[in-house]
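J.: Sequence and predicted structure below; questions after.
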Amino acid sequence: MRMHILICYDVETADAAGRRRLRKVAQACKAYGQRVQKSVFECQLTESQLQALKRRLLRIIDPNADSLRFYRLPNDRAQYVETYGRDTYVDFTLPLII
């Protein structure tokens with residue numbers, strides 16, 4: 001069963017190592033979900049995918065300088081997400097028309 005997960009992060013980018021961590025965190029999140037803001041991703045994951053992503057991200061971040069949050073959200077996105085302005089979210093569970 002897939003869960004809706006919101007991932008938020010703040011990576012210290014004062015030095016080159018921080019900027020590398022920021023890119024690696026974004027790449028890891030992009031592999032599992034979609035970016036909805038600069039440091040916020042929405043993902044639909046199984047429990048095992050969530051655990052794998054957590055392990056991957058925890059190997060990247062510096063716990064003394066960076067922040068990483070995972071929010072488990074209710075299943076119906078329309079009931080818990082309000083968007084104003086530009087919304088880049090794409091529901092990949094719906095049929096795609098090309």
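T.: Thanks, I have it. Numbers count the residues shown, from 1 in each chain.
J.: how about the helices of this structure, start to end?
T.: Counting by DSSP state H, the chain forms helices over residues 16-30, 47-60, 77-80, given from the N-terminal end onward.
J.: Would you mark the buried spots in the second one?
T.: Going back to what we said before, that points to helix 47-60. 49-50, 53, 56-57, 60 (16 or more other CB atoms under 10 Å). For every residue, glycine as well, the C-beta is placed using N, CA and C.
J.: Need the mean per-residue confidence for that helix.
T.: Per-residue pLDDT over helix 47-60 has a mean of 97.
J.: where does that helix sit relative to the chain's centre, distance-wise?
T.: Going by CA atoms, centre = their mean, to the nearest Å, the spacing between the C-alpha centre of helix 47-60 and its chain's C-alpha centre is 11 Å.
J.: Report all helices and strands that that helix contacts.
T.: Other helices and strands packing on helix 47-60, by 3 or more CB pairs under 8 Å, 6 or more residues apart in numbering; DSSP states H and E, are strand 3-10, helix 16-30, strand 40-45, strand 67-73.
J.: and with 7 Å instead?
T.: On a contact count with 3 or more CB pairs under 7 Å, 6 or more residues apart in numbering; DSSP states H and E, helix 47-60 meets helix 16-30.
J.: Just put the helices of the chain in JSON lines and tack on distance to Y9.
T.: Converted to JSON lines, those look like this (distance: least, CB to CB, whole Å):
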{"stretch": "helix 16-30", "distance to Y9": "5"}
{"stretch": "helix 47-60", "distance to Y9": "8"}
{"stretch": "helix 77-80", "distance to Y9": "20"}
